[in-house]
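**Student:** Provided below for reference: sequence and predicted model.
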Amino acid sequence: MLSLETSMRVEDIIKRFNVTPATIRRDLSYLEKSGAIMRTHGAAKIVNPFPTRNILFSDEKMAIAKCAAKLIEDGMSIILDSGTTTLSLANQLVSKKDLTVITNSIAIANTFAVTDVTTILTGGVLIGRQQTIIGPDAEHFLSNIQASTLFLSTTGIDPKNGLTCVSPFSASIKKAMIKSAKRVVLLCDSSKFNVSAVVLFARFDQIHQLITSRPITDKVLLANLKAAGVEITIAGS
């Protein structure tokens, strides 16, 4: 929430989560100690949105990243979507040889800056707080790309309909990435299940494989994934 809204009153956070003030203050203290937020009287303000997102579910993201890295061989050309889990994946790939990575993430590109990995950044409009490039120029660039595998991120998964994100601009570039890859692998920690964001950007039958951190307990979601032929991989199992 702070990544999206930058600054919030503690009272409003408590109301949204419908929990005790002590619970919220404990969580805010944790984020403040990690350097992710700054607290003022009655409010909390983000320091850097991207690291905040990276703190949450970090163990799950790492397990997913390590599992996904096993799918990538030297000589491949892959697309890495922007996101904290795909950034964790990038960190697993720095020693790869003859690997080409196409991405719209400044953070991912910086990860490969002093490695042997060939990194291609899309053009477009930089969303500074998210370190992400979007827009028509980025989409046009991707339309001329053919990669072996896309490692895709999502804001949420609607159990009935598919993958969702927070804006039509993010949806458009994700759609372009999907069209540019022969195989689509979704990287998704358990916090994304049953989260329906604003914009639907992909159906389940557009995904070849889902790598997640915990078994899927939602019967509707599990049935729809299986009906679409999605290969489900539980990291670490």
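**Tutor:** It's in. Residues are numbered from 1 along each chain as shown.
**Student:** Am I right that residue 65 sits in a helix?
**Tutor:** Yes - judged by DSSP: H, G, I helix; E, B strand; the rest coil, residue 65 forms part of a helix.
**Student:** That one: how many residues sit nearby?
**Tutor:** Neighbourhood size, residue 65 [other Cβ atoms under 10 Å]: 23. Where you see a C-beta, it was placed from the backbone N, CA and C, and this is true even at glycine.
**Student:** what's the closest non-adjacent residue to it?
**Tutor:** residue 88 (3.7 Å; Cβ to Cβ, 6 or more residues apart in numbering).
**Student:** if I pick the one you found, what's in contact with it?
**Tutor:** Shown in contact with residue 88 (Cβ atoms under 8 Å, 6 or more residues apart in numbering): 54, 61-62, 64-65.
**Student:** A strand includes it, no?
**Tutor:** No - secondary structure of residue 88 (three-state DSSP): helix, not part of a strand.
**Student:** my guess is residue 95 meets residue 115, correct?
**Tutor:** Yes - counting by Cβ atoms under 8 Å, residue 115 is a contact partner of residue 95 at 7.4 Å.
**Student:** any weak-confidence spans in the protein?
**Tutor:** Applying pLDDT under 70 to the chain flags the ranges 3-5, 34-36, 47-57, 237.
**Student:** distance from the centroid: which residue in it tops it?
**Tutor:** No residue in the chain sits farther from the centre than residue 41, which is 32.1 Å out by Cα atoms, centre = their mean.
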